[in-house]
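>>> need the 3D shape of this:
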Amino acid sequence: MTKTKNSWFIIVNPHAGSGKTMKEWPAGQSRLDELGVNYNAVLTSHRAHATTLACFAASKGYRRILGVGGDGTIHEIFNGILKWCEENGADPSEFYLGVAPIGSGNDWIKAFDIEKDVVTVADLMAKESFGQEDVVKVELADDKVCYMANIGGLGFDSHVCEIVNRQKAAGRRNKMIYANALRRTIFSLRAINLQILADGEEVHNGPCLSIALGNGRYSGSGMCQVPLAEINDGILDVMIVPKLPLKILLKEVKRIFGHNVHESEYIKYVRCKTLEILPLDARSKDIVEVDGEIEGMLPARVSVTGQKVNALTW
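Alright, predicted model coming up:
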């Protein structure tokens, strides 16, 4: 049996935050050295490498794993840890997860009141200041399984993510890529026909424009589509935007930025432990994003497993 290590395994994404990692992270590393925190740091070299490295770290006995990067980095590490736990029958609560935020969005850390400051994160690592978050499992078409650290979605939500990721892959890293993706998606938006079940009860049947699934509360650099979400309450928060007249839709979308979308009489807000999303026709087998990454296609089953992972918190 591999001996559990008390030191940190740090996975550094050198491309995060438009390539700012190698400028910002040295201050955090110097602070760790100053505080006497033991760690082993490695660099990622390609997409999904952080998942592979997190699995490797877990197999070598590391239970404290830090990502240096953004929400995409934490998604990969979260999945690496949980897939390793599932394959090896380990309890996710053995693991302690954190991120030194250098990404463009940094929405996951908002659930833990952590500032975008690598030195502060180093201090929290030394203090061993931890909270917990729920494990949310996402099962998709073709037996694809992943885990959601923060927020997922489909429809408008997933197609914006797809365009953003395509632009990032082409080397575009400025903030305008999000605005451009929003504009392009609005003009090509179409409804898809879905049946949606929350804890086995039908909550929607028919045309739908967008769905947001929340473990955490924030996405898209601070947008709040699931304002009642708490990352450790054992509940999944869901926002469902049915097909609406454009005049009403534009009015209601403003609520997302006002943190009160759950009060809308047109947009549906659901809280549950298990959500099933079933396409009613072939053209409605839409793509699904999880933590900003396109992970697969409908149908989907999303469930709060009852397990917990520890996470750095203020």
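
>>> can you pull out the helices in this structure?
Under the criterion DSSP state H, helices of the chain are mapped to 16-19, 21-35, 49-59, 71-88, 118-127, 156-169, 176-187, 246-258.

>>> could I get those as CSV with mean pLDDT?
Converted to CSV, the helices of the chain look like this (pLDDT from 0 to 100):
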stretch, mean pLDDT
helix 16-19, 79
helix 21-35, 96
helix 49-59, 98
helix 71-88, 97
helix 118-127, 96
helix 156-169, 86
helix 176-187, 72
helix 246-258, 84
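
>>> just those: most buried one?
Highest mean neighbour count among the helices of the chain (mean count of other Cβ atoms under 10 Å): helix 71-88, with a mean of 23. All C-beta atoms are positioned from the backbone trio N, CA, C, and that covers glycine.

>>> quick check: angle from that one to helix 21-35?
Relative orientation of helix 71-88 versus helix 21-35 (axes from the mean of the first three to the mean of the last three Cα atoms, to 10 degrees): 60 degrees.

>>> which strands and helices sit next to helix 71-88?
Packed against helix 71-88 by the contact rule (3 or more Cβ pairs under 8 Å, 6 or more residues apart in numbering; DSSP states H and E) you find helix 49-59, strand 62-69, strand 96-101, strand 145-148, strand 300-312.

>>> nearest to residue 19 among these would be which one?
strand 62-69 (11.1 Å; Cβ to Cβ).

>>> related to what we said a few turns ago, how about the helices of the chain, which one is nearest residue 227?
Of all the helices of the chain, helix 246-258 sits nearest to residue 227, with 8.7 Å by Cβ to Cβ.

>>> quick one: that closest one to helix 176-187, angle?
Using the same axes, to 10 degrees: helix 246-258 against helix 176-187 is 150 degrees.

>>> tell me what angle helix 246-258 forms with helix 156-169.
Angle of helix 246-258 versus helix 156-169, following the same axes, to 10 degrees, is 70 degrees.

>>> name the residues that touch helix 246-258?
The contact list for helix 246-258, computed with Cβ atoms under 8 Å, 6 or more residues apart in numbering, reads 209, 223, 224, 225, 241, 244, 261, 263, 264, 266, 267.

>>> let's see if you can find the most crowded of those residues.
Most neighbours among the contacts of helix 246-258, by other Cβ atoms under 10 Å: residue 225, with 30 neighbours.

>>> skipping adjacent residues, who's closest to it in space?
Counting by Cβ to Cβ, 6 or more residues apart in numbering, residue 212 is the residue found nearest to residue 225 once chain neighbours are left out, at 3.8 Å.

>>> could you measure from that neighbour over to residue 151?
Distance of residue 212 to residue 151, given as Cβ to Cβ, to the nearest Å: 6 Å.
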